[in-house]
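Asker: just the structure for this:
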Amino acid sequence: MISFEQALEHVAEQVATLATQRVRLRDSMGLVLGDDVTSDVDSPPYNKSLMDGYAVAAGDTSAERKIVERIMAGDVPRYAIRPGIVTQVMTGAPVPDGTAAVVPVERTSELPDDQLHLDWVDPAVGTNVQPQGSLSRKGQTVVTAGTRVAPHVMGALAEAGAAVVQVVPRPTVAILVTGNELVSVDERPDPGQIRDANGPMLRTAVSECDATPYLLPRSMDDLDELTRLVAAGLEADVLLVSGGMSVGVKDLMPQAFAEAGVERVFHRVSIKPGRPLWFGIAPRQSERPRLVFGLPGNPVSGLACFHLFVRPTLEVLAGRSSRFELPWQRGRLTQPLSSGPGREGFRPAVLACSGEVTPCNWQGSADLAGMVAANCLLRVPGAGAAFSAGDWVDLLPLGGSRGQ
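Answerer: Presented below is the predicted three-dimensional model:
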C-alpha cells in the first residue's frame, strides 16, 4: 500500500495531453485550441459607423446640407462626402470616403427635398467612426493556443474566418461496472441484490468534466467476460472499472486486467475511503498508453477516487491544465473534527459562501444519501489528527471541469 501523495505522483507520470485534431468551428465549443489563430481580414473590415446618424465632412460649418444617399449595414457607399452634403448611415454600416465624423440622428432633423438640419455642425474628427483595422489587423493573432473555446471565443474565431480549428479532443472514458448483486435502476431488487448506483454516477461525473463517457454492459463476476469487456474498454482514452478491486473470492479485476494486457502501476492507497484503488496502463504502439483506474465498488469510495485521481487526469488529457494537480481550497471548520489512527481521510462536507465548512452527517463509504448535500471533500490527515471549530482545513470542490 502506498501513500496518497505517492499515488498522485504515479498517475501524474503517465498523463499527457491528447494529440490535437482538426474540427469544424461549430464542433469546437469547450475544447482547447492547439494552435494560434490569425485573422484573414481587418476588424472592422472598413471604416464603420458607431451610431445611426449622418456622415459629415471636416470643416463644414453649414447647418443645412443635402442628403445624397442612405447606407444600411451591408450596403456599399457610392458617393464620397464633401462640404454641403451628408450620407445617412446606420450603426455598423460603412461610412463613405471623406467622412470625418457621424452626427447622431438625435442631433438632426430632416427637411423636405432631402435636406437636413444639423444641431451639431462641428463634431471632432473621428466622432462615432471606428477606423478599419482598429480592433485587429489581417494576419494578427486573435486567439492563442491553449485557449478554451467559450461563446465569446467562438465569436472571435468566426470573425477571424477560422472555419476549421486545431483542438485537443474531448477525452473518451469507458465505464465498466461489475457485480453479481447489481440490477438496473428500473428494477426492484430481490433479496441479496442492490441497484447499480455507480454506473449512472460515474457517467454523470465524466460528463461533468466535459469528457465523453461510454457505459459498457454491466458484467457479472466472470473472468472471461470481465477480460473481454476490459479489452473493449481499452479503445477509450481512459477505462474506469467499478468494483472487484478488493481481496474477496469474486474480486477478479486485477486478474482480468493482466489477461487484457494492462500493466499494474499500483494497487491499494492509504486513504479512507478509497483504499482498494487500482491504477495501471495499457501500452499502445507509438501512442501514449491507455489509462486504467480500478475504482472501489462502494459508491462514495469510488466517487472520492474519481475526484482525487480521475478528474485531474481528464483536465490534463483535454489540455485544460498543463499540470496534474488538484484544485484545493481552504475553509474554516464550524465544529470540532478528529480522525482515527492510520489512513488519511476525505470526508463529504458543505462549504458555505462565507468560507465556513461543515462535515456532513455521513456514515461511511456506502452512504450516498449522507453525501447528497456535499459540495466538497474535507481532507483529514491520519494519525489521530484533531481540529477545533475555527481551524482552517483543505477542501476539494466536487465540481467538474475547472474551465466551465
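Asker: so the chain: which segments form each domain?
Answerer: 4-20+169-317, 21-42+135-168, 48-130, 329-397 (automatic domain parsing).
Asker: of these, which is nearest R323?
Answerer: Closest of these to R323 is domain 4-20+169-317, at 7.3 Å (criterion: C-beta to C-beta). Yep, even glycine has a C-beta here, placed from its N, CA and C like the rest.
Asker: pLDDT on the closest one, on average?
Answerer: On average, the pLDDT along domain 4-20+169-317 is 93.
Asker: now the end-to-end length of that domain.
Answerer: 21 Å (C-alpha to C-alpha, to the nearest Å).
Asker: could you pull out the strands in the stretch 1-150 of the chain for me?
Answerer: Secondary structure of the stretch 1-150 of the chain (DSSP state E, counting those that start in this stretch): strands at 21-24, 32-33, 37-38, 48-49, 53-56, 64-71, 85-89, 101-104, 108-111, 115-118, 129-130, 141-143.
Asker: likewise for the stretch 201-350 of the chain?
Answerer: Using DSSP E, counting those that start in this stretch, strands in the stretch 201-350 of the chain cover 212-215, 238-242, 263-267, 271-272, 278-284, 287-295, 329-333, 337-338, 344-351.
Asker: let me have the ones you listed in CSV, adding distance to P191 as columns.
Answerer: Converted to CSV, the strands of the stretch 201-350 of the chain look like this (distance: least, C-beta to C-beta, whole Å):
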stretch, distance to P191
strand 212-215, 26
strand 238-242, 23
strand 263-267, 32
strand 271-272, 30
strand 278-284, 30
strand 287-295, 26
strand 329-333, 42
strand 337-338, 38
strand 344-351, 30
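Asker: can you add mean neighbour count and give those strands back as a markdown table?
Answerer: Converted to a markdown table, those look like this (neighbours: other C-beta atoms under 10 Å):
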| stretch | mean neighbour count |
| --- | --- |
| strand 212-215 | 17 |
| strand 238-242 | 28 |
| strand 263-267 | 15 |
| strand 271-272 | 21 |
| strand 278-284 | 18 |
| strand 287-295 | 22 |
| strand 329-333 | 16 |
| strand 337-338 | 16 |
| strand 344-351 | 22 |
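Asker: on that earlier part again, highest mean neighbour count out of the domains of the chain?
Answerer: Greatest average neighbour count among those goes to domain 4-20+169-317 (a mean of 19), per mean count of other C-beta atoms under 10 Å.
Asker: and that domain, how far out from the chain's middle?
Answerer: Its chain's average C-alpha position is 22 Å from that of domain 4-20+169-317, according to C-alpha atoms, centre = their mean, to the nearest Å.
Asker: same deal with stretch 362-376?
Answerer: Taking mean C-alpha positions (C-alpha atoms, centre = their mean), stretch 362-376 and its chain are 25 Å apart.
Asker: just the CA trace of it, in CSV.
Answerer: Extracted in CSV, the C-alpha atoms of stretch 362-376 (Å, rounded to 0.1, in the frame of the first residue of the first chain):
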residue,chain,number,x,y,z
TRP,A,362,-22.1,10.7,6.8
GLN,A,363,-21.9,7.0,7.8
GLY,A,364,-19.1,5.7,5.6
SER,A,365,-18.2,4.7,2.0
ALA,A,366,-21.6,3.2,1.1
ASP,A,367,-23.6,6.2,2.4
LEU,A,368,-24.6,8.1,-0.8
ALA,A,369,-27.7,9.6,0.9
GLY,A,370,-25.4,11.2,3.6
MET,A,371,-23.4,12.8,0.8
VAL,A,372,-26.2,14.4,-1.1
ALA,A,373,-25.7,17.9,0.4
ALA,A,374,-21.9,17.8,0.0
ASN,A,375,-20.1,20.2,-2.3
CYS,A,376,-16.6,19.3,-1.3
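Asker: residues touching A352, list them.
Answerer: By C-beta atoms under 8 Å, 6 or more residues apart in numbering, the residues touching A352 are T358.
Asker: gap between it and V292?
Answerer: From A352 over to V292 the distance is 37 Å, taken as C-beta to C-beta, to the nearest Å.
Asker: in a markdown table: the domains of the chain, plus distance to R323.
Answerer: A markdown table is the format used below for the domains of the chain (distance: least, C-beta to C-beta, whole Å):
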| stretch | distance to R323 |
| --- | --- |
| domain 4-20+169-317 | 7 |
| domain 21-42+135-168 | 13 |
| domain 48-130 | 41 |
| domain 329-397 | 16 |
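Asker: perfect, that will be all.
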